[in-house]
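> Okay, predicted coordinates and the sequence, questions at the end:
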Amino acid sequence: MSDTTTTHAAPFEAARGKLGFGCMRLPVNEDKSVDIATFSQMVDAFIDGGLNYFDTARPYHSGNSEPAVAAALASRHDRDEFLLADKLSPGNFERREDIRPLIEDQLRACGVDHFDFYLMHSQGMGNYEKYQRCGAYDEAFAARDAGLVRHVGFSFHSNAAFLDRILTDHPDVEFVQLQVNYLDWENGVIQSRECCEVAAAHGKPVIVMEPVKGGRLVNLPDEARDVLAAAGPGSPASYALRFAAGLPGVEMVLSGMGTPEMIAENVSTFSPLVPLSPAEREAVARVTQILRGQNAIECTACRYCVDGCPKKINIPDVFSCLNAKRAYGEDSAGFYYKAVHTGHGHGLASECIGCGACERACPQHLPIRELLRGVAAEFEAEE
């Protein structure tokens, strides 16, 4: 295997700025297809803002993110205007022989001849052995040596000890992508701080995902908003992004942006990037205490749990209903549960059969089956 430190350029030397465009929560039309016109507008604004890193994966938008990237980005901008990351997802291969054809098909789907970054997707205790058994890391490095991929790394959802194991097994990986935000920094399950320390110990740069925790650090309760407002100017999103971007070893912060307004706000936050002041750090710590006190379900709405659910329960959406009612006192949550997020081919929380597929897929390691029983008790008891 090649020595990445001597034969390959540093992974992020071509990156312009630290903000990356995550293509997981794109604007959609009424039929749930990606709104290519709006996405194209957002791509142009992002690049015009001096930024160039885009991140996609085959499972995003039920397989439609990669073609959307081709339509809105690759077909409309010169290849040297952007960096593109894609991923080898666990549900898209079963044996070693599947991997190279899959990478080639992903390149075609995205309309490019190479990926700047290629990641082993969502590594953790539930799927790492499959990647080992199938020689996935070796195949990714072979694709790099063939010019299909420039830099190889992995995204990660497990504990710090398991991260150390993977980096020990595969010292040639060039970067790691970790879930990092101020709410999870000292979270004993996500272990953001400990994982960053492990990455640093192995000399690996970090890409941050979920810096606003699926929107939870944007849609703050009034008490938390007041704390940030008293500390200085800036939106809740800007505080979360600046926290992540200011951490040692962080080279890129991904934001899953779904509207032109999000692009404008986040580009502004990074133009230029100003680290949090001591007073702002104290405010963030206070907000963390407030949010911890709400006992809300810490779902990031990644939707990995939904595809494998035999009852097609809209798990993140029904969790958001419960959070809205319990944590925020939202009176309309019951209506949204009954009229919007269940029915129409989607099961009630009480229809969960307890198969556990959702929990095996959940990057947050949530006890989803137990939580669904709580949702049912809250919204279905009267019936």
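Arrived safely, thanks for sending. Residues are numbered from 1 along each chain as shown.
> Now residue 291. Nearest residue, chain neighbours left out?
Ranked by CB to CB, 6 or more residues apart in numbering and with sequence neighbours excluded, the top spatial neighbour of residue 291 is residue 183, at 5.8 Å. Bear in mind the C-beta positions are built from the backbone N, C-alpha and C, glycine included.
> Tell me, how many residues neighbour the one you found?
21 (other CB atoms under 10 Å).
> Now do the contacts for it.
213, 216, 217, 288, 291, 292, 298 (CB atoms under 8 Å, 6 or more residues apart in numbering).
> Going by neighbour count, list what's buried in the helix or strand in which residue 40 is found.
Assigned by DSSP states H and E, residue 40 belongs to helix 36-48. Going by neighbour count (16 or more other CB atoms under 10 Å), the buried part of helix 36-48 is 36, 38, 39, 40, 42, 43, 44, 46, 47.
> Could you point out the helix or strand that follows that helix?
Counting by DSSP H and E, what follows helix 36-48 is strand 53-55.
> What strands flank that next one, and is each parallel or antiparallel?
Strand 53-55 pairs in its sheet with strand 19-22 (parallel), strand 83-88 (parallel), by DSSP bridges.
> among those strands, which is nearest residue 358?
Among the strands paired with strand 53-55, strand 83-88 comes nearest to residue 358, with 20.4 Å by CB to CB.
> taking the mean pLDDT, what do you get for the closest one?
Strand 83-88 carries an average pLDDT of 98.
> Can you spell out which residues form a bridge with residue 55?
The partner residues for residue 55, given DSSP bridges, come to residue 22, residue 85.
> any idea how far it is from residue 195?
Distance, residue 55 to residue 195, using CB to CB, to the nearest Å: 19 Å.
> and what of residue 120?
Taking CB to CB, one finds residue 120 at 16 Å from residue 195.
> Other residues contacting the longest helix that the chain contains?
Identified as the longest helix of the chain according to DSSP state H is helix 278-292. The contact list for helix 278-292 (CB under 8 Å, 6+ apart) reads 182-183, 185, 216, 220-221, 223-224, 227-228, 230-232, 239, 242-243, 276.
> Taking these, please make a ChimeraX selection of just the buried ones.
The following ChimeraX line selects those of the contacts of helix 278-292 that are buried, judged by 16+ other CB under 10 Å:
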select :182,183,185,216,220,221,224,227,228,231,239,242,243,276
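> Just the ones in helices from the contacts of helix 278-292, please.
Within these, residues falling in helices by DSSP H are 223, 224, 227, 228, 230, 231, 239, 242, 243.
> residue contacts, the nearest residue to the last one once chain neighbours are set aside?
Leaving aside its sequence neighbours, residue 243 sits nearest to residue 182 (CB to CB, 6+ apart; 4.7 Å). With CB under 8 Å, 6+ apart as the criterion, the residues that contact residue 182 are 217, 239, 240, 243, 244, 284, 285, 287, 288.
> Could you do residue 371 as well?
Contact analysis of residue 371 by CB under 8 Å, 6+ apart lists 297, 319, 322.
> One more pass at 7 Å, please.
Taking CB atoms under 7 Å, 6 or more residues apart in numbering, we find residue 371 in contact with 297, 319.
> Please apply the same query to residue 149.
Listed by CB under 7 Å, 6+ apart, the contact set of residue 149 reads 114, 115, 118, 140, 143.
> By neighbour count, which of those wins?
Ranked by the number of neighbours (other CB under 10 Å), these place residue 140 first, at 28 neighbours.
> I'd like the mean pLDDT over the host helix or strand of that one, please.
Residue 140 belongs to helix 136-145 when assigned by DSSP H and E. Taken as a whole, helix 136-145 has a mean pLDDT of 98.
> What is it packed up against?
Helix 136-145 is packed against helix 99-110, strand 115-123, strand 149-156, with contacts defined by 3 or more CB pairs under 7 Å, 6 or more residues apart in numbering; DSSP states H and E.
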